[in-house]
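Peer 1: Show me the folded form of this:
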Amino acid sequence: MNILLLALQEIRIGLRNRLVIATTLVLGALALSLVLLGSAPTGSVKVDALAVVVVSLASLTIFLVPLIALLLSFDTIVGEHERGTLMLLLSYPISRWQVIVGKVLGQTAILAIATLIGYGCAGAALWIQGDFAASSIDAFAYLLLTSILLGAAFISIGCLASALVRERATAAGLAVGVWLFFVLIYDTAVLGLLVADQGQTIGQRALDILLLLNPTDAFRLFNMMATESVSVYSGMAGPGDSSSLPHGAFLLALIAWIIVPLILAIVAFRRRAV
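Peer 2: Predicted structure coming up:
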């Protein structure tokens, strides 16, 4: 019950700060623009517009959703501390782990609402046009689900960062660093490592492990392998098909990226002096 109340409080705060509205508008506008731009190549050739949009939205999600998630969560604990409300919150009959879980659930709900409405607008536009194949509906549903999971993973990471530091500015800098590392630096470093290795020591299994260690890679590979039509348009069907991991392993990796940072955040918050 306490967790639910905290989650609802986070949603109310998000509505008061217009985070839901702003996030929804950004996601919706970008998704609709991809629908309009993506309809261009479908005139004379029979291209599945929904599959093209899924590929485009997956690439957009990797950059945008983690950033939004970290903006929502980086001051989860340290912000309460600087505002002087953390001690008041802990004076209620509520456990510290309930505070973490409740706030993460509330922030995930905010991101889920924005994602479902924003990306749903793109799906509705294509539905009205009737410009899609039935096989791509599942891929679009997978995209919605995994986008929420990806956001939840970065919310957990942001909450962990917030529980570890003592100043809001430090948490903000750490959140930016996390985004840069997982979204931009990690894949570049892995690519450089593969080029330098020349296939001598890093095999397929090691590469699979490296990909699972990044939630954005797990998200991308899961969606690029979602259906046959999407894998054709993604340009990643080759690497995805050659993976020794089953499709569900990437989904499990995303779930693990939610649970592990959440547990670490709970441990860090329990050891934190108010």
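Peer 1: Give the rounded mean pLDDT of stretch 147-160.
Peer 2: Averaging pLDDT along stretch 147-160 yields 96.
Peer 1: got the CA coordinates for that stretch in CSV?
Peer 2: The C-alpha atoms that make up stretch 147-160 are tabulated as CSV, following Å, rounded to 0.1, in the frame of the first residue of the first chain:
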residue,chain,number,x,y,z
SER,A,147,10.7,0.9,-24.7
ILE,A,148,9.0,1.0,-21.3
LEU,A,149,11.5,-1.6,-20.0
LEU,A,150,14.4,0.3,-21.3
GLY,A,151,13.1,3.5,-19.6
ALA,A,152,12.6,1.5,-16.3
ALA,A,153,16.2,0.3,-16.5
PHE,A,154,17.6,3.8,-16.8
ILE,A,155,15.2,5.0,-14.1
SER,A,156,16.7,2.4,-11.8
ILE,A,157,20.2,3.5,-12.8
GLY,A,158,19.3,7.1,-12.1
CYS,A,159,17.8,6.2,-8.8
LEU,A,160,21.0,4.4,-7.9
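Peer 1: helix, strand or coil for residue 75?
Peer 2: Assigned by DSSP: H, G, I helix; E, B strand; the rest coil, the conformation of residue 75 is coil.
Peer 1: Now it: closest residue in space, sequence neighbours ignored.
Peer 2: Across the structure, with C-beta to C-beta, 6 or more residues apart in numbering as the measure, the residue nearest residue 75 apart from its sequence neighbours is residue 168 (5.3 Å). Every C-beta, even on glycine, is put in place using the N, C-alpha and C of the backbone.
Peer 1: got it, and residue 249?
Peer 2: Residue nearest to residue 249 in three dimensions, not counting chain neighbours: residue 212, with 7.1 Å by C-beta to C-beta, 6+ apart.
Peer 1: Now for the one you found, how many residues are close by?
Peer 2: For residue 212, the neighbour count with other C-beta atoms under 10 Å is 19.
Peer 1: now do the one 5 residues further on
Peer 2: Residue 217 is flanked by 20 other residues according to other C-beta under 10 Å.
Peer 1: what residue ranges in the stretch 151-274 of the chain score low on pLDDT?
Peer 2: Judged by pLDDT under 70, the stretch 151-274 of the chain has its weakly predicted residues at 199, 226-244, 274.
Peer 1: Check which helices and strands the top helix by length along the chain is in contact with.
Peer 2: Among the segments of the chain that qualify as a helix by DSSP state H, the longest is helix 96-129. Packed against helix 96-129 by the contact rule (3 or more C-beta pairs under 8 Å, 6 or more residues apart in numbering; DSSP states H and E) you find helix 2-16, helix 19-38, helix 49-73, helix 86-90, helix 135-164, helix 247-271.
Peer 1: Between helix 135-164 and the third one, find me the angle.
Peer 2: Calculated by axes from the mean of the first three to the mean of the last three C-alpha atoms, to 10 degrees, helix 49-73 forms an angle of 10 degrees with helix 135-164.
Peer 1: Just the buried positions in helix 49-73, please.
Peer 2: Within helix 49-73, the residues scored as buried using 16 or more other C-beta atoms under 10 Å are 49-58, 60-62, 64-73.
Peer 1: Same check on the last one?
Peer 2: Within helix 247-271, the residues that count as buried by 16+ other C-beta under 10 Å are 249-251, 253-254, 257-258, 261-262, 264-266, 268-269.
Peer 1: other SSEs contacting it?
Peer 2: With contacts defined as 3+ C-beta pairs under 8 Å, 6+ apart, the secondary structure elements packing on helix 247-271 are helix 96-129, helix 135-164, helix 204-212, helix 215-224.
Peer 1: Rebuild these as JSON lines, extending it with distance to residue 25.
Peer 2: Written out in JSON lines, the entries for these read as follows (distance: least, C-beta to C-beta, whole Å):
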{"stretch": "helix 96-129", "distance to residue 25": "8"}
{"stretch": "helix 135-164", "distance to residue 25": "16"}
{"stretch": "helix 204-212", "distance to residue 25": "33"}
{"stretch": "helix 215-224", "distance to residue 25": "23"}
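Peer 1: of those, which approaches residue 4 most closely?
Peer 2: Between residue 4 and the helices and strands packed on helix 247-271, the shortest gap by C-beta to C-beta is with helix 96-129, which sits at 7.3 Å.
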